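Enquirer: I need the structure of the sequence given here:
(one chain, ligands or ions: 1)
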Amino acid sequence: MTTVLETRNLVKRFGAFAATNDVSLKVEKGARQALIGPNGAGKTTLINLLTGVLEPTSGSVILEGQDITRLPSHQRVRRGIVRTFQINQLFNELTPLQSLALTVSNQLGISGRLWQALGRDERVAQRCDELLKQFHLDDVQDQKVALLAYGKRRQLEIATALACNPRMLLLDEPVAGVPEGERQEIFDIVNALPAEVTVLLIEHDMDLVFNFARTVSVLVNGALFAEGDVKSIASDPRVKSVYLGEGTPHG
Ligand SMILES: Nc1ncnc2c1ncn2[C@@H]1O[C@H](COP(=O)(O)OP(=O)(O)OP(=O)(O)O)[C@@H](O)[C@H]1O
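Expert: Below you'll find the model as predicted:
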């Protein structure tokens, strides 16, 4: 097994409080791994440490054998660690096609030109077309993002992350805030992500976790509390008592 992403004894303190407490986590190549935990367990803090939004107090982050602990976010993206955001970060005035054309052209190193010109670049057009179809956005590709249904916006966020050609994709609560009726479409899209992309999913929705993940890591009070395959975590009485027993929390 090849480890794509690893943390070693990662600690993040805010004053005396350890939001991340000695976390040593491994994500293997091609993984479908979920990171769960009650509200305030430290999931967002850990993701911020993985992506370079926060600097750890101690410990390290290793991507494909290289220490990236001190690398800024944009350099991590270039190395293939890409996240989707919990908070909507799309440009409301652009369309899905324009949004993806910007990201794809940036990836191809031709971002200096106007998107209209980029849209005519054959490589950009082709990749956008693929992504729009894969993420069920082709029917709304020319509508302004501001006018899209919430679920469609979340789909565009995942499509945008995938347009960055991630080797390690961090999916940050992809169905948070999505109405019940629009969730299945996102589940399907997430389940159909390319096998070569390693995925770490941070999620409250247990239906999605148990449908998608093969392995689950449980964080409690900033520390890794349990890890295992979906079955063993779902039936672990300790996990049930700290987390699953609460039902499906939202935060
Ligand atoms: N900048 C900060 N300063 C002080 N405390 C912080 C800061 N960021 C997070 N914390 C604290 O660290 C703990 C973990 O927060 P974090 O947001 O990482 O949890 P979470 O598991 O993502 O929670 P949720 O599921 O509610 O999103 C919380 O107790 C939070 O109050």
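
Enquirer: residue 50: what's it in contact with?
Expert: Contact partners of residue 50, counting by CB atoms under 8 Å, 6 or more residues apart in numbering, are 5, 7, 61, 81, 83, 170. Any C-beta I mention is one placed from the backbone N, CA and C, and that applies to glycine too.

Enquirer: quick one: the residues you listed as TSV, columns for secondary structure, neighbour count and distance to residue 35 too.
Expert: Compiled in TSV, the contacts of residue 50 are given as follows (DSSP: H, G, I helix; E, B strand; the rest coil; neighbours: other CB atoms under 10 Å; distance: CB to CB, whole Å):
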residue	secondary structure	neighbour count	distance to residue 35
5	strand	24	11
7	strand	23	11
61	strand	24	14
81	strand	27	14
83	strand	24	12
170	strand	23	9
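
Enquirer: next structured bit after the helix or strand hosting residue 181?
Expert: Following DSSP states H and E, one finds residue 181 within helix 180-191. For helix 180-191, the following helix or strand on the C-terminal side (DSSP H and E) is strand 198-202.

Enquirer: in its sheet, which strands sit next to that next one, and in what direction?
Expert: For strand 198-202, the paired strands and their directions (DSSP bridges) read strand 32-36 (parallel), strand 168-172 (parallel).

Enquirer: JSON lines please, covering the ones you listed and showing mean pLDDT.
Expert: As requested, the strands paired with strand 198-202 are exported to JSON lines (pLDDT from 0 to 100):
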{"stretch": "strand 32-36", "mean pLDDT": "95"}
{"stretch": "strand 168-172", "mean pLDDT": "93"}
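
Enquirer: need these in a markdown table with distance to residue 237, can you?
Expert: Compiled in a markdown table, the strands paired with strand 198-202 are given as follows (distance: least, CB to CB, whole Å):
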| stretch | distance to residue 237 |
| --- | --- |
| strand 32-36 | 16 |
| strand 168-172 | 28 |
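
Enquirer: quick revisit: who touches the helix holding residue 181?
Expert: If you take CB under 8 Å, 6+ apart as the criterion, helix 180-191 is touched by 134-136, 149-152, 154-155, 158, 171, 174-175, 178, 199, 201, 205, 207-208, 211-212.
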